[in-house]
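J.: sharing a model that was predicted from the sequence below.
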Amino acid sequence: MSSAPGQLTASSDEFAAGEGILRRQAQRESAARTYARSLPVVPVRARGMTVEGADGRRYLDCLSGAGTLALGHNHPVVLEAIRKVLDSGAPLHALDLATPIKDAFTTALFETLPSELADRGRIQFCGPAGTDAVEAALKLTRIATGRRGLLAFSGAYHGMTSGALAATGDTTVPAEAAEFGLGVTRLPFPYDYRCPFGTGGDRGAELSARLAASLLDDPKGGVRSPAAMMLEVVQGEGGVIPAPDSWLRRMREITAAHDVPLIVDEVQTGVGRTGAFWAVEHSGILPDVMVLSKAIGGSLPLAVIVYREELDVWRPGAHAGTFRGNQMAMAAGTATLRFVRQNALHERAQTVGARMLSNLRGLAAHHECIGDVRGRGLMIGVELVDTDAQPDDYGALPADARLAALVQQESLKRGLIVELGGRHAGVVRLLPPLTITDEQAEAVLDRLAAAIEAARCAPRGAAA
Ligand code: PMP
């Protein structure tokens, strides 16, 4: 895969096959499909950060399976681990039975965890999606506390099954699907750029913490003692919003003082993504439950919760699932965890991420339409704003979803796959693999800058 981005290498047969596949997908797949709508790519080969479409175009992949591919596509250690399982004759499906492969995965995972959790923690293997692990965390804390309610945050994303959806902050999902209000108290996440208190900075985060504490303290505050508080250290789908470390420590203090278990959803932030192996390490907080998925399966489906053993009071079968024993995912996951750790790829994510952030901030200085650039490690967001609109009372312009969609399209034309997110889909998100090279990082920034320039210069009305 050495040809230049966008260069056509496919045969006309392959090209036609790709067109047919896209057409059939549009005819046959659900209206609920997502990435496929804005990314008309038919991936046929992929290696590292490069994806090749059926039309022969090559893309630098900054979506990475929605943040799953810590080592990029088809990393040799992952392929080797999968081949080893296949060649060994081990069962590929094992329910929740003990196997050497699972034992090795659990050991490798525990080696990475905060020591208090690793030494005295428990692991529950879940159905292989982040959302099922979120359900397990909610169920576990409800059973252990005998309480129902949940404290969750504005902008949160925890998944698409009903408990996880109730915790998610998206009010555009129909209430009957999300069971909104089912014991969830929504608290403001510290979002510096659009601070709900209009102050931003440390003050905004402090006010958010005060509100949480006062609701729990106030017997007439309308909030019953909840089963848990659940949060993301860096909100991903919510628009790449890193929580300040001091705010996280306050949340830990407040929940501990009120005997409320703290669930940290590290589905997207885990395995080096934010510049620490686990995002909780930045602030040093110790959650009661950690929800883990995406990168822990080394690109194959795997999801677990890890929690303090005192919570382990649920009964056998309290959380079940046929696909809790995916041996290939565990082997691929073990290889990934080990490789990230041995090569300190979280440090690499920190270094490259900081460089990319500073470069993007330089770009923002020249583009009014870039309202904010933020992130942690290799979880980066560029919030695009509508410069023709009126700023709000605190000076922030509204997010520009149309412009973000155009930037995504212009990026694709230039051989760059980016994701969109944020409250109003106005945030361009970069989630490159931790193995990204300096040259690739530069190419990403060049292509994104050119895409922003092209989209910004596009006449209004050329909407996506
Ligand atoms: N939690 C977080 C923080 C996530 O980012 C996601 C997925 N984007 C989920 C939970 C749900 O994971 P899944 O899509 O595998 O159900």
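T.: Nice, thanks for sending it over. For clarity, every value in this text was computed on a predicted model and none was experimentally measured. Numbering: from 1, shown residues only.
J.: so the residue of the stretch 51-200 of the chain found nearest the ligand versus Pro316, what's the distance?
T.: The stretch 51-200 of the chain approaches the ligand most closely through Gly130 (2.4 Å), counting by C-beta to the nearest ligand atom. All C-beta spots, glycine's among them, are computed from the backbone N, C-alpha and C. Noted for Gly130: a distance of 24 Å to Pro316, by C-beta to C-beta, to the nearest Å.
J.: so between the two, which is more surrounded?
T.: Gly130 (27 against 6; other C-beta atoms under 10 Å).
J.: show me what contacts that one?
T.: Applying C-beta atoms under 8 Å, 6 or more residues apart in numbering, we find Gly130 in contact with 158-159, 265, 267-268, 291, 293-294, 303.
J.: the residue nearest the centre of the chain and Arg210, how far apart?
T.: Centroid-nearest residue in the chain, with C-alpha atoms, centre = their mean: Gln268, separated by 3.0 Å. Distance, Gln268 to Arg210, by C-beta to C-beta: 28 Å.
J.: now, which of the contacts of Gly130 lie close to the ligand?
T.: Filtering those for neighbours of the ligand using C-beta under 6 Å from any ligand atom leaves 158-159, 265, 267-268, 293.
J.: low-confidence regions, the stretch 1-150 of the chain specifically.
T.: 1-11 (pLDDT under 70).
J.: can you list the residue ranges for helices in it?
T.: Remark: helices assigned in the stretch 1-150 of the chain by DSSP state H, counting those that start in this stretch are 12-28, 35-38, 64-67, 76-88, 100-112, 115-120, 130-145.
J.: CA atoms only: put the first one into PDB for me.
T.: By that I understand helix 12-28. The C-alpha trace of helix 12-28 is given here as PDB (Å, rounded to 0.1, in the frame of the first residue of the first chain):
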ATOM      1  CA  SER A  12     -12.800  -1.500 -13.300                       C
ATOM      2  CA  ASP A  13     -14.400  -4.700 -12.000                       C
ATOM      3  CA  GLU A  14     -13.600  -3.900  -8.400                       C
ATOM      4  CA  PHE A  15     -14.800  -0.400  -8.900                       C
ATOM      5  CA  ALA A  16     -18.100  -1.600 -10.300                       C
ATOM      6  CA  ALA A  17     -18.400  -4.100  -7.500                       C
ATOM      7  CA  GLY A  18     -18.000  -1.300  -5.000                       C
ATOM      8  CA  GLU A  19     -20.700   0.800  -6.600                       C
ATOM      9  CA  GLY A  20     -23.000  -2.200  -6.600                       C
ATOM     10  CA  ILE A  21     -22.300  -3.000  -2.900                       C
ATOM     11  CA  LEU A  22     -23.100   0.600  -1.900                       C
ATOM     12  CA  ARG A  23     -26.300   0.600  -4.000                       C
ATOM     13  CA  ARG A  24     -27.500  -2.700  -2.500                       C
ATOM     14  CA  GLN A  25     -26.600  -1.500   1.000                       C
ATOM     15  CA  ALA A  26     -28.800   1.600   0.500                       C
ATOM     16  CA  GLN A  27     -31.600  -0.600  -0.700                       C
ATOM     17  CA  ARG A  28     -31.400  -3.400   1.800                       C
END
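J.: Thr185 falls within a helix, correct?
T.: No - secondary structure of Thr185 (DSSP: H, G, I helix; E, B strand; the rest coil): strand, not part of a helix.
J.: could you give the number of residues near it?
T.: 19.
J.: cool, Asp218 as well?
T.: Asp218: 10 neighbours (other C-beta under 10 Å).
J.: phi, psi for it please.
T.: phi -90, psi 110 (degrees, to the nearest 10).
J.: I'd like to know how far it sits from the ligand.
T.: Going from Asp218 to the ligand by C-beta to the nearest ligand atom, to the nearest Å gives 29 Å.
J.: okay if I get the contacts of Gly130 as a markdown table plus distance to Lys102?
T.: As requested, those are arranged in a markdown table below (distance: C-beta to C-beta, whole Å):
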| residue | distance to Lys102 |
| --- | --- |
| His158 | 25 |
| Gly159 | 23 |
| Asp265 | 23 |
| Val267 | 20 |
| Gln268 | 24 |
| Val291 | 19 |
| Ser293 | 16 |
| Lys294 | 19 |
| Ala303 | 14 |
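J.: next step: those restricted to strands.
T.: 265, 291 (DSSP state E).
J.: tabulate the contacts of Gly130 (a markdown table), appending pLDDT.
T.: Shown next, in a markdown table, are these (pLDDT from 0 to 100):
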| residue | pLDDT |
| --- | --- |
| His158 | 97 |
| Gly159 | 94 |
| Asp265 | 98 |
| Val267 | 98 |
| Gln268 | 98 |
| Val291 | 98 |
| Ser293 | 98 |
| Lys294 | 98 |
| Ala303 | 98 |
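J.: re earlier: tell me if I'm right that the residue nearest to the centre of the chain and Gly67 touch.
T.: Yes - Gln268 is within contact range of Gly67, at 4.6 Å (criterion: C-beta atoms under 8 Å).
J.: domain parsing of the protein, as residue ranges.
T.: What the record gives for the chain is the domain set 12-74+345-457, 77-342, from automatic domain parsing.
J.: grab the nearest non-local neighbour of Arg355.
T.: Nearest non-adjacent residue to Arg355, counting by C-beta to C-beta, 6 or more residues apart in numbering: Ala441, 6.9 Å away.
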